[in-house]
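[1] this is a predicted model, with the sequence first.
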There are 4 protein chains.
Amino acid sequence: MSSFGRLFKITTFGESHSSHVGVTIENFPPNFKINLDMIQKQLNRRRPGQSIISTPRNESDIIEIITGTENNITLGTMLTIVVKNKNTKPEDYKWKKEYVPRPSHADYTYISKYGIHAASGGGRSSARETIGRVIAGAVAEQWLKEKYNIEIIAWVNSVGNIESDCNSHIINRDIVDQNIIRCPEQNQAEKMINYITILKEQGNSIGGTIKCVCKNVPIGLGEPVFDKMEALLAHGMLSIPACKGFEIGSGFAGSKMTGLHHNDPFIVKDNKITTLTNNSGGIQGGISNGENIDFKVAFKPPASISIEQKTVTLDKKETTLEAGGRHDPCVVNRAVPIIESMAALVIMDLLLIQKIK
Amino acid sequence: MSSFGRLFKITTFGESHSSHVGVTIENFPPNFKINLDMIQKQLNRRRPGQSIISTPRNESDIIEIITGTENNITLGTMLTIVVKNKNTKPEDYKWKKEYVPRPSHADYTYISKYGIHAASGGGRSSARETIGRVIAGAVAEQWLKEKYNIEIIAWVNSVGNIESDCNSHIINRDIVDQNIIRCPEQNQAEKMINYITILKEQGNSIGGTIKCVCKNVPIGLGEPVFDKMEALLAHGMLSIPACKGFEIGSGFAGSKMTGLHHNDPFIVKDNKITTLTNNSGGIQGGISNGENIDFKVAFKPPASISIEQKTVTLDKKETTLEAGGRHDPCVVNRAVPIIESMAALVIMDLLLIQKIK
Amino acid sequence: MSSFGRLFKITTFGESHSSHVGVTIENFPPNFKINLDMIQKQLNRRRPGQSIISTPRNESDIIEIITGTENNITLGTMLTIVVKNKNTKPEDYKWKKEYVPRPSHADYTYISKYGIHAASGGGRSSARETIGRVIAGAVAEQWLKEKYNIEIIAWVNSVGNIESDCNSHIINRDIVDQNIIRCPEQNQAEKMINYITILKEQGNSIGGTIKCVCKNVPIGLGEPVFDKMEALLAHGMLSIPACKGFEIGSGFAGSKMTGLHHNDPFIVKDNKITTLTNNSGGIQGGISNGENIDFKVAFKPPASISIEQKTVTLDKKETTLEAGGRHDPCVVNRAVPIIESMAALVIMDLLLIQKIK
Amino acid sequence: MSSFGRLFKITTFGESHSSHVGVTIENFPPNFKINLDMIQKQLNRRRPGQSIISTPRNESDIIEIITGTENNITLGTMLTIVVKNKNTKPEDYKWKKEYVPRPSHADYTYISKYGIHAASGGGRSSARETIGRVIAGAVAEQWLKEKYNIEIIAWVNSVGNIESDCNSHIINRDIVDQNIIRCPEQNQAEKMINYITILKEQGNSIGGTIKCVCKNVPIGLGEPVFDKMEALLAHGMLSIPACKGFEIGSGFAGSKMTGLHHNDPFIVKDNKITTLTNNSGGIQGGISNGENIDFKVAFKPPASISIEQKTVTLDKKETTLEAGGRHDPCVVNRAVPIIESMAALVIMDLLLIQKIK
């Protein structure tokens, strides 16, 4: 149950302290030249230690293709790409009754589920698992760009109450990367950075939202019933650690509109059928309509904070926890490439599915 | 690609004008006495024509088990349950260039995808597809209730800008069904009904939101990576026609909070580890933590309105469309049992998955 | 776990005494005119009561498409096709300790597995389950024939020790159907029929083998590792009730040959690369090579015989059983269309899979 | 499409000249101590260069667990185990029209399927792919042995026309490994070895058969319709390179028997219901009946021979090929652990499936 996708199926593996983390990728087409630099570049955007607002933990995360290519050309077989973990010494550790599960972390639920938990680091729930997603997404993106000119761009829309309002039509990744918070509205970006810096000093953390647009997605992708495109996108996004909400097109705001205002009128433009508005977010009846795919995602504040919190031990004694270590005060800037990757995986999968019709 | 679930897998079938709609249900446990009345009751809550605010189309929708039981006791084999369609005469219909796809409907995307569309009614995108979901959900619910005392209750939280604020701890389905809009706050319910009645007279429609709570879900359900419980719930909810957004726990509001306020402190109560708050919505690291599963879903206004709209023909001529027929001015009251059903399917599936650990 | 196929996926449902048996068919292409007569014809070849060597039980088995088409043209959605069962009155039956499981039947293993067994008839293990397979196979065959000119022909190769030796290049279904045992070698067919008639009078039964050839299968079908074409064919064939063995190409005889004699030399014929011999059975490395797909299947004698047999009760008392009822003394003639159908399902599935490369 | 299993699902990856080959294993239970020596031992039985009758290529094949354990205890997450390839320099190679596909190899079908083929070695069709299967099978076996006392033993039954006749009840792996051909009947083993030695000197090769018995398999494993235990075993076995046939229990010989002789009478022995004979091979109606699972598999002679063979170039010119290199004259002795592994995977998968009933 560690796989995502129906036909373009990826499986991630690895824990925070295993020797590697990585991903296998099924059904990538043969005879395609993989650009390793582009994968590495996208992976670097996910990396901690990029800037003063991220955790100073520095993971170099160099990718290595171990199967599926020859001279970087795909063979049509399973692609496997891995990254070495640096700190792989498992602690000599036993679960004790005195163990203190961290509030709003996965510690308590993992122990309850498996009766065991990796002693060291986050184990399988570690954010390092997302490395495999970004790698696979970057591989998919290359093909989507070359074959369909599809472009996927995510950016930070808000941090706490500081919101921005960007025009998705003019944004590209270079613009997004012009500041460390990855919000294309420069004024708001500065406010966000300042706010995060203050919270970081307090040992506190903050949530935020990310918007994403997918351009040039062909008409007809998405399955009519359970595998509607928005359902697969929602699945992918909510599977990212710390994600709390998903909206397609008008989203929750759409629930306040009347049909007359919400419906997207069809018009003819440049001799093509298109829609005047895009409240549908590019999807109607679960199937892409040729407009931009447009969605928004909410992230909670990271659970790891340095402020003392009340909690209990596994044997039900009240205690307090003051987490040490170095943590991200906000994850949205690093989550940008993860969101782009999950979107790429969904689109690639639906494209392959459409090929069998 | 018409299936939902990994182990407890359902497959719906049927179009608006085929002879039947229905569902097959895989891996339901053997030796369980199915209560047909309970299924029928839940299906009746989904039925159109229940009240003045729904479409007056009246579908009786009587369920019929055609395989998998003997004397209503399950055999451990595939359950198949169907409902007869009433109007099954396909029109003698050819796609013409002059065809006018309805704005924000699935007509245009279906034709683009398949090169064909059921001539009559909504075809596979018809809301009648959800009959199979409600049947399967009602079957699952019976087992969840008997084996784990799990209760799943959804209700209307808002219609347009009219919001309610209910305490999930005291709500049950009888309370929800006390009014036709299924909002447990009586004052707000009346406002909602009035508002919908006005819009109906105008031939317009309106969106809304639904909240759902799942009680007594055991600790440990949900898979750590892609099949986190919130990801599966989001997938299920966004696969319901007209759904535009999903939030788990604190949701989008959580993106505005700091970690210190968002984290749910562990406490001991009645000699059990529990949490003081439930911003997590009962799920941490993708896995249920024993608290109530708590989520919210947004629905857009129905696209079928009787007011004249601008649109185009398939051969790109501008025209207008004034849809006749009888339509729901708001779908949220009828969507309540569909949401409960999708939640039941997710929980049942994760319970079976947990059995193999 | 009642499904077969990866992309062209069928799911059969129904027990011997449920109201219907049938099949759902996923991912059949849209816009294809289904020929119902051809399905019915193939189903009639499976039907009991066709001839003096089959069980005199007469099942008319009229197919009914309940979803997925309009005017018999596929919509690209789930096809559901059913057949009504005639005798659907479940007996008022309780499992008793005195129950006597029939030797070499599924009674004992079903009760052990599920703790329950359909009281009436064979339940899910009934050969009536294969009705769904034949329907789905006949649907697939129509498409394979029209799009690729693929032809699939199976025939009875042996009954007990009476073997035939037919040239697959000149056989077609009309020739196969010229006699009731479906062996194209007329002399041997008569011997087989006589032999079966004698055993039938004795209340005994006999096994046999079936050969099958698939012509015009395109090069390149089959996946390199676990889903080799021969592996999927073996899976499909061994899933047919009473099947005991499978051989591709040279099969068990190939285990006695040297490489020099077994290798199929490539030659050029009519400006096409082909092979001089076909010990490979049309498959190399799991992938079709453009030659005839050639395989053989073994069936055991039916377990239902009228001669008294020793057995035990569920509470471990020795007893004897003399089965009444009317049974097939040999199943191979009726298994011919089932084998053709399973082969069609495998090829159709692999064709869809190849489309995504 | 490189996965095997429904719940206990393995995915192999790697080509002959990629940096690694390996396997990911899903749904292995948590909290189990993995014995690495046992895996390595089983892998060594598969290794080339073990004896004079195998290819002298020596692959050391040391396993490395890269994810899923801590201190060799499983975490309940994805297990990934790899082996480094030694010769990983891809040749600087271009497909040319003059390329000569080897008769009865996968070269021609791969090129036809993918339009590309690994330049070096067998690529994905290389027998090195089976390393991942043996590793996963050895992991499964440990659990099957500890939890259910299940034992799986395969041995060489015949080489060419030299057949043996062993009593499965007294065989264990130590007895099987007493000679290099892995045939427990010492006389016949010597004849087999002599025969292979002669063929090796001639540059020729020979086929053979393997028998396998699985002891202590619980009653009730196997699904009633498409995933009958024998169907999954057949699928697994026919997916092994060079496998040409599969028989369960009486197999092809059973097709010559009458029902009276073929049926396995139930008897009571040691106060347990058992069967007097085992023509069923331990499976009835697709479900294990508690007797030994008993099957036989045929392997063709290896296609790689050093004798000159007629063949053609890709641009259809006749030519001859005299393969150099070092090859196995017979694969059955090395296939023994692969067969055991595929059997273990099937049983483990069916055990997990049975857990959800």
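    Yes, it's here. All figures in this text were calculated on a predicted structure; none of them were measured in a lab.
[2] just for the stretch 1-150 of chain A, where's the confidence low?
    For the stretch 1-150 of chain A, the stretches with pLDDT under 70 are A:55-59, A:87-97, A:117-122.
[3] would you list every one of the helices in the stretch 101-250 of chain A?
    Assigned by DSSP state H, counting those that start in this stretch, the helices in the stretch 101-250 of chain A fall at A:107-114, A:130-148, A:173-176, A:186-202, A:229-238.
[4] give me the residue from the stretch 1-150 of chain A nearest chain B.
    Per C-beta to the nearest C-beta, residue A:106 is where the stretch 1-150 of chain A lies closest to chain B, at 2.3 Å. To be clear about C-beta, it is placed using only N, CA and C from the backbone, and glycine gets the same treatment.
[5] the helices of the stretch 101-250 of chain A: which one's closest to chain C?
    helix A:130-148 (12.4 Å).
[6] next, the angle from that closest one to helix A:229-238.
    On the basis of axes from the mean of the first three to the mean of the last three C-alpha atoms, to 10 degrees, helix A:130-148 is oriented at 150 degrees to helix A:229-238.
[7] packing partners for helix A:130-148?
    Where contact means 3 or more C-beta pairs under 8 Å, 6 or more residues apart in numbering or on different chains; DSSP states H and E, helix A:130-148 is packed against strand A:10-13, strand A:20-25, helix A:36-46, strand A:79-84, strand A:151-159, helix A:332-355.
[8] any chance of the ones you listed in JSON lines, plus distance to residue D:114 and mean neighbour count?
    Putting the helices and strands packed on helix A:130-148 into JSON lines (distance: least, C-beta to C-beta, whole Å; neighbours: other C-beta atoms under 10 Å in any protein chain shown) gives the following:
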{"stretch": "strand A:10-13", "distance to residue D:114": "20", "mean neighbour count": "27"}
{"stretch": "strand A:20-25", "distance to residue D:114": "16", "mean neighbour count": "26"}
{"stretch": "helix A:36-46", "distance to residue D:114": "21", "mean neighbour count": "17"}
{"stretch": "strand A:79-84", "distance to residue D:114": "14", "mean neighbour count": "24"}
{"stretch": "strand A:151-159", "distance to residue D:114": "27", "mean neighbour count": "25"}
{"stretch": "helix A:332-355", "distance to residue D:114": "15", "mean neighbour count": "26"}
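[9] and for the residue of the stretch 1-150 of chain A closest to chain B, the neighbour number?
    26 (other C-beta atoms under 10 Å in any protein chain shown).
[10] touching, it and residue B:287? I think so.
    Yes: using C-beta atoms under 8 Å, residue A:106 makes contact with residue B:287 at a distance of 6.7 Å.
[11] what do those two both touch?
    residue B:224 (C-beta atoms under 8 Å, 6 or more residues apart in numbering or on different chains).
[12] what is the burial count for the spatially closest residue to residue A:146 that is not a sequence neighbour?
    Nearest non-adjacent residue to residue A:146, counting by C-beta to C-beta, 6 or more residues apart in numbering or on different chains: residue A:32, 7.8 Å away. Residue A:32 has 19 neighbours, counted by other C-beta under 10 Å.
[13] quick one: closest of the helices and strands packed on helix A:130-148 to residue B:64.
    Evaluated over those, closeness to residue B:64 peaks at helix A:332-355, with 32.0 Å, by C-beta to C-beta.
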